[in-house]
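In: test case, fold it:
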Amino acid sequence: MAEQAGQTGRVVPDIRDDRAAGKLLAYVDGEAAGIIVYFVLDGTPAALVAVHTVVEQGHEGKGIGGSLVKEFYAMAAREGVPVVPLCPYAAKWASRHPDEAPEAPVELVERAKKELAVHPELY
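Out: Residues are numbered from 1 along each chain as shown. Now for the predicted structure:
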């Protein structure tokens with residue numbers, strides 16, 4: 001269950017990873033509130049690649065997107081892999097939170113872009 005976090009209107013969503021589908025999902029009171037679409041970049045090094053972030057209508061401005069990206073980076077850290085934020089929202093969040101979002105090496109970013117170009121169905 002989501003909790004109201006103070007007077008700001010921000011909520012703490014229930015976030016679930018559906019690795020098989022490449023989706024990190026946020027729920028508020030059992031209702032879908034947001035998603036990060038991603039893929040796992042295999043190889044050495046491997047990475048989690050954020051492709052697209054969406055917050056559902058009616059849930060904007062409540063911190064759902066930020067909560068998703070923060071959890072995405074935490075998930076990658078637990079797995080010992082970097083994040084490549086190809087999604088503009090995730091990239092902007094990362095630039096604002098460098099302590100929580102280490103920058104991926106340029107060559108890894110390029111490899112992720114090539115993989116996405118070859119496999120657009122990942123998006």
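
In: ok, and what's touching the helix or strand where residue 91 lies?
Out: Assigning secondary structure by DSSP states H and E places residue 91 in helix 88-96. Residues from elsewhere that reach helix 88-96 (CB atoms under 8 Å, 6 or more residues apart in numbering): 36, 50, 53, 65-66, 69-70, 72-73, 83, 85, 101, 103. (C-beta placed from N, C-alpha, C; glycine too.)

In: list the contacts of the closest residue to residue 41 other than its chain neighbours.
Out: Distance criterion CB to CB, 6 or more residues apart in numbering; nearest residue to residue 41, sequence neighbours excluded, is residue 47 at 4.4 Å. Residue 47 sits next to 40, 41, 76, 81, 82, 83, 84, 104, 108, 112 when contact means CB under 8 Å, 6+ apart.

In: wait, what's in contact with the fifth one?
Out: Read it as residue 82. Counted by CB under 8 Å, 6+ apart, residue 82 has contacts 45, 47, 48, 76, 102, 104, 105, 108.

In: for burial, what's the neighbour tally of the first one?
Out: In terms of burial, residue 45 registers 14 neighbours under the definition other CB atoms under 10 Å.

In: pLDDT value on it, please?
Out: Looking at residue 45, its pLDDT is 89.

In: can you tell me the helix or strand for it?
Out: Secondary structure (DSSP H and E) places residue 45 outside all helices and strands.

In: which residues does it contact?
Out: Counted by CB under 8 Å, 6+ apart, residue 45 has contacts 81, 82, 108.

In: report the buried members of the contacts of helix 88-96.
Out: Listed as buried from the contacts of helix 88-96 are 36, 50, 53, 65, 66, 69, 70, 72, 73, 83, 85, 101; burial here means 16 or more other CB atoms under 10 Å.

In: so how far is residue 14 from residue 94?
Out: Here residue 94 is placed at a distance of 23 Å from residue 14 (CB to CB, to the nearest Å).

In: please apply the same query to residue 80.
Out: 25 Å.

In: looking at the two, which one has more neighbours?
Out: residue 14 (16 against 8).
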